[in-house]
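S.K.: Predicted model and sequence follow; I will ask about them next.
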Amino acid sequence: MSDSTDEVRAYTVRLELVDEPGELLRALHPIADNGGNLLSIFHERGNLTPRGHIPVEVDLEATPERFDEIVDALREAGINVIQAGAQHYSESLTIVLSGHIVDSDLSNTLSRIRETTEATVTDLSLSAPEGTEDVSSARLRLATEEGETGSTLAAVRDIAAEKDLRLVEPLAVGDAA
């Protein structure tokens, strides 16, 4: 295969959309307007991101130059681009945080994970059976770049320790149950 910049390649763009009529169409316009060819759209209407938005994954074909233009146009249109092209999250892990999750500012915890790791939170489930002022737990599914699981866990350990939260880590590959 050639390394030409004119070569059409497949890319994935992960977006975060507000749950309002027309938002998906608004996000598709910059792709079409900049020469992208849609391959598939995965609209996760039943799931919400930590900010309460809808995650949408778009697979498309474009030349590298056009792909860069598409991503720029999406951002200029005010579309939140979570992942674009080269940032491919190929590993995932599920963790549980327990303690005063809400009192220690869950939103801040999620932001710190996003800012200090090569990971994105793809799913969140919060349980607070005694109310938000008592002990609660949160299950988080994190998508990480290949080879970044260890550093992601290290960063989450630091955040949990700072906020006096208990972290339940996944078993590593090969660990006994």
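M.R.: Yep, it's here.
S.K.: okay, CA-based contacts and neighbour counts for the rest of this
M.R.: Will do.
S.K.: Next up, the contacts around the closest residue to Thr49 other than its chain neighbours.
M.R.: In space, and not counting its chain neighbours, Thr49 is closest to Pro55: 6.4 Å by CA to CA, 6 or more residues apart in numbering. With contacts defined as CA atoms under 8 Å, 6 or more residues apart in numbering, Pro55 is in contact with Arg14, Leu15, Glu16, Leu17, His43, Glu44, Arg45, Asn47, Leu48, Thr49.
S.K.: what does Ser125 give?
M.R.: If you count contacts by CA under 8 Å, 6+ apart, Ser125 has them with Ala138, Arg139, Leu140.
S.K.: does it sit in a helix or strand, and which one?
M.R.: Element membership for Ser125, per DSSP states H and E: strand 119-127.
S.K.: how far is that strand from where the chain is centred?
M.R.: In terms of CA atoms, centre = their mean, to the nearest Å, the centre of strand 119-127 is found 9 Å from the chain centre.
S.K.: Starting from that strand, tell me which strands it pairs with and how they run.
M.R.: Its sheet considered, strand 119-127 pairs with strand 136-145 (antiparallel) by DSSP bridges.
S.K.: tilt between whatever helix or strand comes next after the strand it pairs with and strand 119-127?
M.R.: Next along the chain after strand 136-145, taking DSSP H and E as the criterion, comes helix 149-162. Orientation of helix 149-162 against strand 119-127 (axes from the mean of the first three to the mean of the last three CA atoms, to 10 degrees) gives an angle of 50 degrees.
S.K.: looking at this, Glu61 is in a strand?
M.R.: Yes. Looking at Glu61 with DSSP: H, G, I helix; E, B strand; the rest coil, it is inside a strand.
S.K.: From Leu142, how far out is the residue nearest to the spatial centre of the chain?
M.R.: Central residue of the chain (CA atoms, centre = their mean): Thr120, 3.6 Å from the mean position. Distance, Thr120 to Leu142, using CA to CA, to the nearest Å: 6 Å.
S.K.: No further queries at this time; thank you.
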